[in-house]
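**Student:** Pasting the sequence and the predicted model now:
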Amino acid sequence: MSLVPGTVRPRRLRSTPALRRLVSEVRLHPTELILPMFVKEGLNEPLPLGGMPGVVQHTLDSLLEAAREALAAGVGGLMLFGIPEHKDEIGSQADDPDGILNRALSLLADEFGEDTVIMADLCLDEFTSHGHCGVLDSTGAVDNDATLERYASMAVAQARAGAHVLGLSGMMDGQVAYCREALDAAGFTDTVIMGYTAKYASAFYGPFREAVDSELKGDRKTYQQDPANGREAMRELGLDLAEGADVVMVKPGLPYLDVLAEVARESIVPVWTYQVSGEYAMIEFAAAAGAIDREKAIEESLIAFKRAGSDAILTYWATEVAQRLQVEAAGHMSDRDARG
Ligand code: PBG
């Protein structure tokens with residue numbers, strides 16, 4: 001008599017690499033990886049980030065070079081963050097056509113046109129002296145509606161510079177509708193809006209603060225969501241869809257897979273995930289300490305997003321993983337050729 005009850009042996013489908021490949025429910029593809037990139041005004045050389053080994057603040061030249069490399073690997077899109085030399089209370093550089101982010105967008109748009117998808121972070125924290133994602137009122141609180149005016153102006157400037165997708169990451173109420181209206185009024189009806197639908201006030205953004213030279217004091221808890229709240233994500237989803245978001249996002253990634261799965265089940269538009277700076281740092285530093293296998297941990301984390309229902313993933317490893325996927329795809333074919 002069999003020791004396994006009945007004849008059900010799940011291990012059967014795990015028995016060879018080819019079978020495992022065949023029955024895997026999700027797989028990664030370079031096209032659904034989006035590379036976030038930082039470009040800083042006034043740099044002569046790319047500047048490595050201590051909190052994110054392997055990631056740099058780019059000059060315009062190194063940005064272009066890294067973008068070429070990413071696209072050659074088949075990466076699906078580029079998400080740009082700009083760091084201006086001069087920050088002020090209202091983030092004036094954000095909607096200035098000569099501001100670093102808008103110049104970088106124009107550069108990439110001229111170079112690549114419609115060959116890739118160029119995305120811009122639409123938020124003020126990279127541009128304000130106080131580091132908040134919006135402008136402040138006289139009491140020092142983030143003023144939602146005054147911020148919407150700034151976002152609308154940024155949206156038009158970014159669209160004009162050539163961005164195809166705007167990533168509205170500021171978590172102001174009404175930001176999707178407000179920017180949509182401004183874009184349409186300026187004739188940019190085809191500019192895509194990606195709403196950061198569920199964006200949590202997270203400690204996992206830690207290394208990003210260094211990446212954008214943020215001088216934030218305090219926190220973002222009056223506008224980003226409380227990590228304790230899942231239901232709220234569904235409310236935000238309903239609003240973003242009603243306001244006309246073309247894509248929605250859940251962020252951070254791994255600590256919020258439950259939220260991602262639920263948003264993915266309910267959304268009628270594509271759902272993306274942002275594997276944020278702290279998630280990147282955790283794997284890099286754990287691997288550097290010899291605690292985990294770097295490449296396997298990276299792949300497993302990305303697969304988890306796909307399994308939870310994400311259609312595309314923003315990850316600082318986009319180029320590296322896309323390159324590996326290209327090599328693997330070629331490898332399966334040549335194994336077969338070698339066997340003749
Ligand atoms: C806001 C923004 C942040 C990130 C992306 N867009 C920072 C924040 O909200 O505090 C974080 C990304 C990361 O940590 O990798 N402009």
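**Tutor:** All right, it came through fine.
**Student:** Leaving out the residues flanking it, which one is nearest to Arg324?
**Tutor:** With sequence-adjacent residues excluded and distances taken as Cβ to Cβ, 6 or more residues apart in numbering, Arg324 is closest to Glu295, at 7.3 Å. No exception for glycine: its C-beta is placed from N, CA and C like everyone else's.
**Student:** and stretch 241-259, average pLDDT?
**Tutor:** Taken as a whole, stretch 241-259 has a mean pLDDT of 98.
**Student:** and if you look at stretch 155-163?
**Tutor:** On average, stretch 155-163 scores 98.
**Student:** hang on, Gly54 in a strand?
**Tutor:** Yes - the assignment for Gly54 is a strand, going by DSSP: H, G, I helix; E, B strand; the rest coil.
**Student:** Who are the contact partners of it?
**Tutor:** Applying Cβ atoms under 8 Å, 6 or more residues apart in numbering, we find Gly54 in contact with 284, 316.
**Student:** coming back round to it: wait, is the residue nearest to Arg324 part of a helix?
**Tutor:** Yes - under three-state DSSP, Glu295 sits within a helix.
**Student:** Surely it touches Val327?
**Tutor:** No - with contacts counted by Cβ atoms under 8 Å, Glu295 stays clear of Val327, the gap being 11.9 Å.
**Student:** More neighbours: which of the two?
**Tutor:** When neighbours are counted by other Cβ atoms under 10 Å, Glu295 and Val327 differ, and Glu295 comes out ahead with 14 against 10.
**Student:** got the residues of the stretch 101-250 of the chain near the ligand?
**Tutor:** 121, 123, 125, 133, 169, 205, 208, 220 (Cβ under 6 Å from any ligand atom).
**Student:** how deep is the closest residue to the third one other than its chain neighbours tucked in, by neighbour count?
**Tutor:** In other words, Asp125. Excluding the flanking residues, the one nearest Asp125 by Cβ to Cβ, 6+ apart is Cys133, at 4.6 Å. Using other Cβ under 10 Å, Cys133 has 23 other residues around it.
**Student:** dump the residue contacts of Cys133.
**Tutor:** Cys133 sits next to 123-125, 142, 147, 169-172, 220, 223 when contact means Cβ under 8 Å, 6+ apart.
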